[in-house]
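[1] prediction below, plus the sequence it came from.
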Amino acid sequence: ELRKLSWSGIPRQVRPIAWKLLSGYLPANAERRESVLQRKRQEYFGFIQQYYDSRNDEHHQDTYRQIHIDIPRMSPECLVLQPKVTEIFERILFIWAIRHPASGYVQGINDLVTPFFVVYVFEYIEEEVENFDVSSLQEEALRNIEADSFWCMSKLLDGIQDNYTFAQPGIQRKVKALEELVSRID
């Protein structure tokens, strides 16, 4: 029902919760939501403790380098200039890549984090994100935004990860389906 109601857009004040529900990050059962959020946020920061220091290891250098190349290309540009945002995106992307070795980090995945990040910043601010210094948020808010952005991006990528693995079988299937459709129409 929420998916149908959201088709024409979601009001800003309920967009963060709607996106978490629609992505499958939050359960539909309202009584379980807070405990799920706490558990998933702790799990994400556990991954940071476990994996993030390995970004300097030789076998992770290519991944970390590509992330550093892509982050300055992201939009909105105002976010790129904020060191706190860069730091958050580096962690999100690196942890995702390490936990998904079949695809690893692929150019453009950074653009999948941005919408989640911006929507979840709106949980804590009233003004437009273009005029806001993200580092002025409380540390707990920043941690929540980071973890929620990671998990929702992960949920999105779970459904399309085969577009990013070797030989891109997901894209190949879509091209084949398009070819069959065009053939039928012709």
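    That came through, no problem.

[2] buried sites along the helix or strand hosting Asp62?
    Per DSSP states H and E: Asp62 is located in helix 61-70. For helix 61-70, burial by neighbour count (16 or more other C-beta atoms under 10 Å) applies to Thr63, Tyr64, Gln66, Ile67, Asp70. The way it works is simple: take the backbone N, C-alpha and C, and place the C-beta from them, glycine included.

[3] show me which of those is closest to Lys4.
    Closest approach to Lys4 among the buried residues of helix 61-70 (C-beta to C-beta): Asp70, at 34.8 Å.

[4] what sits against the closest one?
    The contact partners of Asp70, by C-beta atoms under 8 Å, 6 or more residues apart in numbering, come to Leu93, Gln107, Gly108, Ile109, Asn110.

[5] could these go into a markdown table alongside neighbour count?
    Converted to a markdown table, the contacts of Asp70 look like this (neighbours: other C-beta atoms under 10 Å):
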| residue | neighbour count |
| --- | --- |
| Leu93 | 24 |
| Gln107 | 12 |
| Gly108 | 11 |
| Ile109 | 22 |
| Asn110 | 22 |
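
[6] nearest to Phe122 among these?
    Phe122 lies nearest to Asn110 out of the contacts of Asp70, by C-beta to C-beta, at 19.6 Å.

[7] surely that closest one touches Ile67?
    Yes: assessed by C-beta atoms under 8 Å, Asn110 is found in contact with Ile67 at 7.1 Å.

[8] how about low-confidence regions in the protein?
    Where the chain drops to pLDDT under 70, the residues are 76-78, 80, 161-170.

[9] all helices in it, in order from the N-terminus.
    Applying DSSP state H to the chain gives helices spanning 2-6, 15-23, 30-51, 61-70, 77-80, 83-99, 110-121, 139-158, 169-185.

[10] out of these, the one nearest Asp133 is which?
    Across the helices of the chain, closest to Asp133 is helix 83-99 (C-beta to C-beta), at 8.4 Å.

[11] now for the closest one, which elements pack on it?
    When contacts are defined as 3 or more C-beta pairs under 8 Å, 6 or more residues apart in numbering; DSSP states H and E, helix 83-99 sits against helix 30-51, helix 61-70, helix 110-121, helix 139-158.

[12] counting contacts, what elements does the first one pack onto?
    With contacts taken as 3+ C-beta pairs under 8 Å, 6+ apart, helix 30-51 sits against helix 83-99, helix 139-158.

[13] tilt between it and helix 139-158?
    Put simply, helix 30-51 runs at 90 degrees to helix 139-158, going by axes from the mean of the first three to the mean of the last three C-alpha atoms, to 10 degrees.

[14] run through who's touching helix 30-51.
    Residues outside helix 30-51 that contact it (C-beta under 8 Å, 6+ apart) are 25-27, 91, 94-95, 98-99, 143-144, 146-148, 150-151.

[15] one more time with 7 Å
    Leu26, Pro27, Arg91, Ile95, Ile98, Arg99, Arg143, Asn144, Ala147, Phe150, Trp151 (C-beta atoms under 7 Å, 6 or more residues apart in numbering).
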